[in-house]
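**Q** test case, fold it:
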Amino acid sequence: MHEGTAPTPALPRAYAGEGELANQPECASMVRCVRYKFAGVVLLTAALVGCAGTPTTRPTTEPSATSAPVMSVVPENLTPAAVSMKGADGPKILQLDVYQMWVPAGTLSNNEAFWKRIEEHAVDVATYDLLFKNGIRVGSAPRTEWPTLKAMIDQNPATVQHTAYLASDTRVVELETGVTKETQNIFYYDASNTLQGRTHDKAQNLMALTFRPVPRQVGDVRVTLCPVVRSTKRRFEVSGGGEEREISYVFPERLYDLNLRADVPADGFLVIAPSTEGRWPMSVGNAFFTKDGPTERLEQIIVLVPSVIQLKSMR
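**A** From the prediction side, this is the model:
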């Protein structure tokens, strides 16, 4: 994958099926892409379904869902909330589009006009307060709000990375933040409001993301995000002959107290960004959502967009 400077993507309205999509010029190519993109999944479905009259067997493993390549120019229209192929009667696949945008520091973390258009009750009050004072801000919005929010982001240059993940049930992925440090000190408030501190050497900061369908809410997705610091630990051992050797190993530390859980509606999207508290150098928001750019500090905004794809069974 690669990164490039690109216009901020425009979120589409939800479409009911291929008939409507085919009548939209900007979506016609997208429908063909969906067919090709999920061809492997359709073939897997065909193998499971078999001949007519043969009962469908639930796969024992998750479908082979590959992430989409990062494009230097993000398309103006993302995957619609619901896409149904012609004559679709096969399984429904959940797609989560992840947009990671890097903009100049303060572009959104200090922009209250932006956050006034975001519903910040996507998480419970206690979780929101805990995340905010640790430097993380989260909220959701309907797709109809995206043009206005996009216009605010477009006032500054943005580097955009897009990845699409597929799943029929629960899936766990890692979001790389691009933040690596030789050494770093991170302080955070835990669930009991106690300040904790850690020092990490040769650290890589990333986010563990889990997503799955919301029960009885077709198209909605339940996401959980957890900050993870993957650092290199060293220890010295002395052999029986008196020889000393150094052993290095990678140790991932998950900040479970800062778990973010939220349900994202099918016609909406979730935004995660640094809060104003993220300006403190040793905060979690600063460590995971900011980095040094070539000429200025940058902050990251993560946008999660759910979609549902219904495939056609081959009999």
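**Q** thought residue 168 was touching residue 90?
**A** No. The criterion here is C-beta atoms under 8 Å, and residue 168 misses it with residue 90 at 11.0 Å. C-beta coordinates here come from the backbone N, C-alpha and C atoms, glycine included.
**Q** which one's more surrounded, the two?
**A** Taking other C-beta atoms under 10 Å, residue 168 and residue 90 do not tie; residue 90 has more neighbours (22 against 17).
**Q** I'd guessed that one sits against residue 310; true?
**A** Yes. Between residue 90 and residue 310 there is a contact at 6.8 Å, judged by C-beta under 8 Å.
**Q** just for the stretch 101-250 of the chain, where's the confidence low?
**A** Applying pLDDT under 70 to the stretch 101-250 of the chain picks out residues 234-240, 246, 248-249.
**Q** what are the ranges of the strands in the stretch 101-250 of the chain?
**A** Using DSSP state E, counting those that start in this stretch, the strands found in the stretch 101-250 of the chain span residues 136-142, 159-167, 171-189, 195-213, 221-238, 244-254.
**Q** remind me what whichever helix or strand comes after the last one packs against, helices and strands.
**A** On the C-terminal side of strand 244-254, the closest following helix or strand by DSSP states H and E is strand 260-264. Counting contacts by 3 or more C-beta pairs under 8 Å, 6 or more residues apart in numbering; DSSP states H and E, strand 260-264 is packed against helix 125-133, strand 136-142, strand 221-238, strand 268-274, strand 297-310.
**Q** how about a cut-off of 10 Å?
**A** Applying 3 or more C-beta pairs under 10 Å, 6 or more residues apart in numbering; DSSP states H and E, one finds that strand 260-264 contacts helix 125-133, strand 136-142, strand 195-213, strand 221-238, strand 268-274, strand 297-310.
**Q** tell me the most buried of those?
**A** Ranked by average neighbour count under the criterion mean count of other C-beta atoms under 10 Å, the helices and strands packed on strand 260-264 are headed by strand 268-274 at a mean of 24.
**Q** by how many degrees do that strand and strand 221-238 diverge?
**A** Here strand 268-274 runs at an angle of 40 degrees relative to strand 221-238 (axes from the mean of the first three to the mean of the last three C-alpha atoms, to 10 degrees).
**Q** could you tell me the angle between strand 268-274 and strand 171-189?
**A** Interaxial angle, strand 268-274 versus strand 171-189 (the same axes, to 10 degrees): 40 degrees.
**Q** mind listing the strands strand 268-274 pairs with, and their directions?
**A** Strand 268-274 has its sheet partners listed here by DSSP bridges as strand 136-142 (antiparallel), strand 297-310 (antiparallel).
**Q** quick one, which of the ones you listed is nearest to residue 102?
**A** The closest of the strands paired with strand 268-274 to residue 102 is strand 297-310. By C-beta to C-beta, the value is 4.6 Å.
**Q** could I get the average pLDDT for the closest one?
**A** Averaging pLDDT along strand 297-310 yields 90.
**Q** list the beta-bridge partners for residue 173.
**A** Taking DSSP bridges as the rule, residue 173 bridges to residue 209.
**Q** show me what contacts it?
**A** Shown in contact with residue 173 (C-beta atoms under 10 Å, 6 or more residues apart in numbering): 65, 67, 96, 98, 163, 165, 167, 207-211.
**Q** one more: residue 298?
**A** Contacts of residue 298 (C-beta under 10 Å, 6+ apart): 101-105, 107, 157-159, 178, 289-292.
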